[in-house]
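**Q** have a look at this fold, sequence not included:
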């Protein structure tokens, strides 16, 4: 379990660092004065200064922050956050979540590249199946089935499954030549039409990157569906996990290998990106909402008032965290 805790700390610190780095880079790029870049919360363990910014490492690996001049108070400094245009401030606010979103894409891309992506190239031809009788061979690249062009394994299996009749016409590329073959089709135990071939895994960066983007998009859609169910009364607090629960999940994933840990890290990064953009006080999404409200209402909400609202939101988030920790201890440790 000790190794798992180390894994968890590394994952938390990595994702928090990436998130805060997004804010930091965006702030610097639009000329905002950054007073402190902190990894972790609570008591300071290490601090050093470089230029105008203090860099610190704090005791609790449950968060971090980029302290910008004029972020939570009025400031006459021309480089203060509150002196910048709404577009520039909005850019800074969304940059943390953007970096976590980008991290998710990168991690899934790395996984796809390391494991390999299915392709329309045949890896094995099963003995006794129609593909063998038709003359299909390992290494053949299937480019067309009947009248349908195919360029992925899902295209191949989907077209075969949807085909009609006892035979199909397959065009393959073999040693630079295009060959036309006729193959029978059988129905497997699952009721799906097949010909008895498997896909060769390809380690292609463009295909892996595409898989990273598509998978991140699909996971994002699923996450929003979950949030919709949760906030409309279809879910419960039992569906949520806190830090203790995440450590327990990491422990289970670690038993299955590094690929599972990387995949879990990608999921946590995506969750961090989405949750931080929720329109709740103290979160980036809440700050963005107040920025919009103040633009629409003509700054009727003062900086001190907004600061107090964000502080109240932060206290509520801490209360939620404590609740989830207690729930996780009961669920994962005392069960």
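**A** Arrived safely, thanks for sending. Worth saying up front: this structure is predicted, and the values here are computed from it rather than measured. Residues are numbered from 1 along each chain as shown.
**Q** isn't there a helix covering residue 19?
**A** Yes: using DSSP: H, G, I helix; E, B strand; the rest coil, the assignment for residue 19 is a helix.
**Q** ok, it - contacts?
**A** For residue 19, the residues meeting the contact criterion (CB atoms under 8 Å, 6 or more residues apart in numbering) are 64, 96-97, 99-100, 272-273, 276. All C-beta spots, glycine's among them, are computed from the backbone N, C-alpha and C.
**Q** again with residue 311
**A** Under the criterion of CB under 8 Å, 6+ apart, the neighbours of residue 311 are residue 282.
**Q** out of the contacts of residue 19, which is nearest to residue 308?
**A** For residue 308, the nearest member of those is residue 276. The distance, counting by CB to CB, is 20.6 Å.
**Q** report pLDDT for that closest one.
**A** At residue 276, the model reports a pLDDT of 93.
**Q** that one: how many residues sit nearby?
**A** Other residues within reach of residue 276 by the criterion other CB atoms under 10 Å amount to 19.
**Q** so which elements touch the helix ranked longest in the chain?
**A** Counting residues, the longest helix in the chain under DSSP state H turns out to be helix 86-115. Here helix 86-115 touches helix 2-29, helix 205-231, helix 258-276, helix 284-297, going by 3 or more CB pairs under 8 Å, 6 or more residues apart in numbering; DSSP states H and E.
**Q** now with 10 Å?
**A** Contacting helix 86-115 under the criterion 3 or more CB pairs under 10 Å, 6 or more residues apart in numbering; DSSP states H and E are the following elements: helix 2-29, strand 53-68, helix 205-231, helix 258-276, helix 284-297.
**Q** what's the angle from it to helix 2-29?
**A** Compare the direction of helix 86-115 with that of helix 2-29 by axes from the mean of the first three to the mean of the last three CA atoms, to 10 degrees and you get 140 degrees.
**Q** what mean pLDDT would you report for the helix or strand following helix 86-115?
**A** Stepping forward along the backbone from helix 86-115, the first helix or strand reached (DSSP states H and E) is strand 117-125. Confidence for strand 117-125, expressed as mean pLDDT, is 93.
**Q** what inclination does strand 117-125 have with respect to helix 205-231?
**A** 120 degrees.
**Q** buried ones in strand 117-125?
**A** Under the neighbour-count criterion of 16 or more other CB atoms under 10 Å, strand 117-125 has 117-122, 125 buried.
**Q** for the helix or strand just after that strand, packing partners?
**A** Downstream of strand 117-125, the next assigned helix or strand under DSSP H and E is helix 130-134. Packing partners of helix 130-134 (3+ CB pairs under 10 Å, 6+ apart): strand 117-125, strand 167-174, strand 177-184, strand 197-202.
**Q** any idea how far the residue sitting furthest away from the middle of the chain is from residue 186?
**A** Summary for the chain: using CA atoms, centre = their mean, the residue whose C-alpha lies farthest from the chain's mean C-alpha position is residue 133, with a distance of 44.4 Å. The span separating residue 133 from residue 186 equals 11 Å under the rule CB to CB, to the nearest Å.
**Q** and for those two, which residues touch both?
**A** A shared contact of residue 133 and residue 186, defined by CB atoms under 10 Å, 6 or more residues apart in numbering, is any residue touching both; here these are 195-196.
**Q** any low-confidence regions in the protein?
**A** 1-3, 235, 237, 244, 254, 299, 332, 334-335 (pLDDT under 70).
**Q** domain map for it?
**A** 2-115+206-333, 117-202 (automatic domain parsing).
**Q** so which of the buried residues of strand 117-125 is the closest to residue 143?
**A** The shortest separation between residue 143 and any of those is 7.2 Å, and it belongs to residue 120 (by CB to CB).
**Q** between the helices and strands packed on helix 130-134, which one is closest to residue 304.
**A** Nearest to residue 304, of the helices and strands packed on helix 130-134 and by CB to CB, is strand 117-125 at 53.8 Å.
**Q** helices or strands next to the closest one in the packing?
**A** Counting contacts by 3+ CB pairs under 10 Å, 6+ apart, strand 117-125 is packed against helix 130-134, strand 141-145, helix 153-162, strand 167-174, strand 197-202, helix 205-231.
**Q** excluding sequence neighbours, find me the nearest residue to residue 48.
**A** In this structure, residue 48 finds its nearest non-sequential neighbour in residue 55, 5.7 Å apart by CB to CB, 6 or more residues apart in numbering.
**Q** okay, now that neighbour: neighbour count?
**A** As a burial measure, residue 55 scores 15 neighbours (other CB under 10 Å).
**Q** tell me the bridge partners for it.
**A** For residue 55, the beta-bridge partners under DSSP bridges are residue 37, residue 48.
**Q** of the helices and strands packed on strand 117-125, which is nearest residue 297?
**A** Each of those was checked against residue 297 via CB to CB, and the shortest separation belongs to helix 205-231, namely 25.3 Å.
**Q** next SSE after that closest one?
**A** Secondary structure here is assigned by DSSP H and E; on that basis, the next helix or strand after helix 205-231 toward the C-terminus is helix 243-254.
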